[in-house]
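Peer 1: here's a sequence, model it:
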Amino acid sequence: MSKFNEEKFRELVKPHILRCRAGDWEHAKRVVRWVRKLAKDRDDLDIIIKAAYIHDIGWRDLIESGKKITKNELKKLEPQANKNTKPFVQDLLKEFGDAEKEINIAIQLINAADLHSSSNRVEEIIVDSDNLSKLNIEHVYEKYVEDDYRKMLNLWKKEFPNRIQTQKGKALFPKLLEQLERDIEEELRVTAFGLFGCADEFFKSFNIIMEKEPKMPDYYRVKYYLLCHLFRSPTYWNITF
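Peer 2: Next up, the predicted model:
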């Protein structure tokens, strides 16, 4: 068997994954990084990596390319995406030159990821990699509409404890979930004030204004006080009230 050329494989599959949902390509790369952590030194690492890159291929052309989705759309369209997976994977891996045995293994792994359920060690690796890769704010921001951030978080709180099976995954999951919840709340607090996810830049600008306008009305001073309290950022408590 020839050595796996990952760069060549990425070049082949990237255009297809970019025709899926918003964020699916970035998600695929994160899943691959988790596979490397969970499947280190395994003889079948190459085929798990291939499956990780294309595990969401079933979403290709199912919705508008690059479109962020809602939780309801996810639930509604996921069965069709899963149904699309097998023929899409077969075509891609045949084009890459894989043998039928490898293709069938990849389909088995992707099917486990689609169903969020594992029956052996290698399936546990890809299922955990898929789920753990979702527990960061970049994934949530890239893939879902803002109104559904908390809905997705609550879904994962409920379902992930049963999905994640590897020892390392179980150890890391609580901290990752806790951090994601904090990040989501911070993101929503920021965007609620129209700060476009950049509170630091907002407060820097506000400080400059207040230095130049020492007679600023109390209304704005109170507003600034409330914003500082909201973000719980002691570094911005530099105004005398």
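Peer 1: which parts of the helix or strand that contains residue 94 are buried?
Peer 2: Element membership of residue 94, judged by DSSP states H and E, is helix 71-96. By neighbour count with 16 or more other Cβ atoms under 10 Å, helix 71-96 contains the buried residues 71, 73-74, 77, 81-82, 84-86, 88-90, 92-93, 96. C-beta here means a position set from N, CA and C on the backbone, and glycine is covered the same way.
Peer 1: next one: stretch 115-135
Peer 2: Going by neighbour count (16+ other Cβ under 10 Å), the buried part of stretch 115-135 is 118, 122-135.
Peer 1: can I get that stretch in PDB, CA atoms only?
Peer 2: The C-alpha trace of stretch 115-135 is given here as PDB (Å, rounded to 0.1, in the frame of the first residue of the first chain):
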ATOM      1  CA  LEU A 115     -25.400   8.300  14.100                       C
ATOM      2  CA  HIS A 116     -23.300   9.600  17.100                       C
ATOM      3  CA  SER A 117     -22.900   6.000  18.200                       C
ATOM      4  CA  SER A 118     -19.800   3.700  18.400                       C
ATOM      5  CA  SER A 119     -19.500  -0.100  18.800                       C
ATOM      6  CA  ASN A 120     -15.700  -0.500  18.800                       C
ATOM      7  CA  ARG A 121     -12.500   1.400  19.600                       C
ATOM      8  CA  VAL A 122     -12.000   2.900  16.100                       C
ATOM      9  CA  GLU A 123     -15.500   4.100  15.900                       C
ATOM     10  CA  GLU A 124     -15.200   5.700  19.400                       C
ATOM     11  CA  ILE A 125     -12.200   7.700  18.100                       C
ATOM     12  CA  ILE A 126     -14.100   9.300  15.200                       C
ATOM     13  CA  VAL A 127     -17.300   9.800  17.100                       C
ATOM     14  CA  ASP A 128     -15.400  11.500  20.000                       C
ATOM     15  CA  SER A 129     -13.300  13.500  17.600                       C
ATOM     16  CA  ASP A 130     -16.400  14.800  15.900                       C
ATOM     17  CA  ASN A 131     -18.200  15.700  19.100                       C
ATOM     18  CA  LEU A 132     -15.200  17.200  21.000                       C
ATOM     19  CA  SER A 133     -14.300  19.400  18.000                       C
ATOM     20  CA  LYS A 134     -17.700  21.100  18.300                       C
ATOM     21  CA  LEU A 135     -17.000  22.300  21.800                       C
END
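Peer 1: quick one: it to chain centroid distance?
Peer 2: Here stretch 115-135 is found 14 Å from its chain centre; the criterion is Cα atoms, centre = their mean, to the nearest Å.
Peer 1: and the helix holding residue 94, average pLDDT?
Peer 2: Averaging pLDDT along helix 71-96 gives 96.
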